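Student: The following comprises the amino acid sequence and a computationally predicted model.
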Amino acid sequence: MKILGFESTCDETAVAVVEDGRRVLSDAIASQADMHALYGGVVPEIASRRHVEAIAALTEKALQDAGCSRSDIDAVAAAYAPGLIGAVLVGLSFAKSVAWALGIPLIPVHHIRGHIAANYLAFPDLEPPFLALAISGGNTLLVDVADYTNMHILGATRDDAAGECFDKAARVLGLSYPGGKPMDELAQQSAGGVYRLPHAHVDGAPLDMSFSGLKTAVVNLAHHAEQTGERLDRAALARDFTQAVSDTLVPRTMEAVRLTGRKILVAAGGVAANSIIRANLEQACREQGCKLYLPPLRLCGDNGSMIAAQGYYEYRAGHAAGMELNAYATREISE
Ligand code: KG4
């Protein structure tokens, strides 16, 4: 079954063709990051307009790259939530029009379910049940994936997402948007151990997380240095910051593994590309005897193939939608 997948929840317009949820036939992406870098972050109105400009040509490219004509496509999958509402609406509306014009099913896909499904494309042997750590620009979740479409949240951030925190910290360190990758590169230049940063715990919710205090601490350190003329060891701060994010994510993830008794851990989302977090997860899983799947870097960020992959399993579970399907800025992964 060939599925045409659409992703437009943030600043990536992406269209892909995937066969039977596992085989990528094409994966076309138009990134808007350069444009948003001028403003230091995503400007929602610009994101929506850019999606409108890119999506039709990108769909043609995805079909062409896959060697498919329109009649070869069996269903359309679209990320319908969560994300920037105007941006999500563009991809979803276009996907609806394609499904309607071709007379084929429309499948709604939760964006974070898509991130998790990116792993099915890289690892043919991977099957639920497993535990997933989903860490992206807008979401930070610990998810129990009981089967392909049955998931529930074990822990989540109470405020900022891990990626959002990376982007803000990077910005005050003078790095370009999106800040995760340059922070990663800067952090590798230092062993750290210079800055003491807060590690928040949520009372009564040991698997929940909080990143806003950490973000504020980095902002305050940078502003203080600017005002007093004190030299900031940027590489050490990047390292200590990344370690603090990892100290929040990794022990909670391993505690969730222990509590659920799951034997497999899957990482997903843009922040799963971070070299220090990857190394720390590898070590923790080795020590705890848990099998770890880390997606290749190209599948960590937003893409269309992850939406088409999850779309296959949603379709098999009978989750097709009608033309009344709406876009949502927020939506639980379990809904
Ligand atoms: O999954 P993604 O592409 O988009 C969302 O669904 O949100 O994630 C984007 C986030 C950005 O915040 C970006 O800075 C972060 O992933 N990111 C990283 C790295 N590469 C991307 N964060 C830390 N280390 C990285 N190497």
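Tutor: On my side now, so go ahead. Numbers count the residues shown, from 1 in each chain.
Student: Could you use CA atoms for every contact and neighbour count after this?
Tutor: OK.
Student: residues from the protein in reach of the ligand?
Tutor: Contacts of the chain with the ligand, taken as CA under 6 Å from any ligand atom, map to 136-138, 163-164, 166-167, 178-181, 184, 269-271, 273-274, 301-302.
Student: Which of those fall in strands?
Tutor: Secondary structure defined by DSSP state E assigns none of the residues of the chain next to the ligand to strands.
Student: Quick check on the residues you listed: which are buried?
Tutor: Among the residues of the chain next to the ligand, those buried by neighbour count (16 or more other CA atoms under 10 Å) are 136-138, 163-164, 166-167, 178-181, 184, 269-271, 273-274, 301-302.
Student: Narrow the residues of the chain next to the ligand to those in helices?
Tutor: 163, 164, 166, 167, 180, 181, 184 (DSSP state H).
Student: The fifth one is in contact with residue 170, isn't it?
Tutor: This means residue 180. Yes. In this structure, residue 180 is within contact of residue 170 by CA atoms under 8 Å, at 7.2 Å.
Student: give me phi/psi at residue 13?
Tutor: As for residue 13, its main-chain torsions (degrees, to the nearest 10) stand at phi -90, psi 130.
Student: Would you mind naming the residues that bridge with it?
Tutor: residue 30 (DSSP bridges).
Student: Please apply the same query to residue 17.
Tutor: residue 4, residue 26.
Student: And it, how far from residue 302?
Tutor: Here residue 17 is placed at a distance of 15 Å from residue 302 (CA to CA, to the nearest Å).
Student: Same check on residue 289?
Tutor: Here the criterion is CA to CA. By it, residue 289 lies 30 Å from residue 302.
Student: List the contacts of residue 264.
Tutor: The contact partners of residue 264, by CA atoms under 8 Å, 6 or more residues apart in numbering, come to 129, 130, 131, 290, 291, 292, 293.
Student: hmm, try it at 10 Å
Tutor: 126-132, 257, 285, 289-293 (CA atoms under 10 Å, 6 or more residues apart in numbering).
Student: next one: residue 218
Tutor: By CA under 10 Å, 6+ apart, the contact list for residue 218 reads 165, 168-170, 172-173, 195, 197-198, 224, 237-238, 240-241.
Student: one more time with 7 Å
Tutor: Listed by CA atoms under 7 Å, 6 or more residues apart in numbering, the contact set of residue 218 reads residue 169.
Student: you'd agree it is in a helix?
Tutor: Yes. Checked against DSSP: H, G, I helix; E, B strand; the rest coil, residue 218 lies within a helix.
Student: all strands of this protein, in order?
Tutor: 2-7, 12-19, 23-31, 75-81, 106-110, 130-135, 140-147, 150-156, 264-268, 291-293.
Student: Quick check: the farthest pair among the ones in helices among the residues of the chain next to the ligand?
Tutor: Largest separation among these by CA to CA: 164 and 184, giving 14.2 Å.
Student: Give me the residue at the spatial middle of the chain.
Tutor: Residue closest to the average C-alpha location in the chain (CA atoms, centre = their mean): residue 269, at 2.9 Å.
Student: Next, give phi and psi for it.
Tutor: With angles defined as degrees, to the nearest 10, residue 269 sits at phi 100, psi 170.
Student: isn't it right up against residue 132?
Tutor: No. Assessed by CA atoms under 7 Å, residue 269 is found out of contact with residue 132, at 10.3 Å.
Student: List the residues that contact residue 216.
Tutor: Not one residue lies near residue 216 by CA under 7 Å, 6+ apart.
Student: Report the separation between the one residue in the stretch 1-150 of the chain that gets nearest to the ligand and residue 79.
Tutor: Nearest residue of the stretch 1-150 of the chain to the ligand: residue 137, at 3.2 Å (CA to the nearest ligand atom). Distance of residue 137 to residue 79, computed by CA to CA: 16 Å.
Student: try residue 217
Tutor: 34 Å.
Student: who's more crowded, the two?
Tutor: Neighbour count, other CA atoms under 10 Å: between residue 217 and residue 79, residue 79 has more, with 32 against 16.
Student: For the more buried one, name its beta-bridge partners.
Tutor: Assessed by DSSP bridges, residue 79 has beta-bridge partners residue 109.
Student: For whichever helix in the chain runs longest, which helices and strands make contact with it?
Tutor: Ranked by number of residues, the top helix in the chain under DSSP H is helix 234-260. With contacts defined as 3 or more CA pairs under 7 Å, 6 or more residues apart in numbering; DSSP states H and E, helix 234-260 has these neighbours: helix 180-187.
Student: Tell me, how many residues neighbour residue 84?
Tutor: Per other CA under 10 Å, the neighbour tally for residue 84 reads 23.
Student: is it true that it touches residue 330?
Tutor: No. Between residue 84 and residue 330 there is no contact under CA under 7 Å: 8.9 Å.
Student: what's residue 239 in contact with, if anything?
Tutor: Taking CA under 7 Å, 6+ apart as the criterion, residue 239 is in contact with 187, 188, 190, 191, 192.
Student: now those residues: which count as buried?
Tutor: 187, 188, 190, 192.
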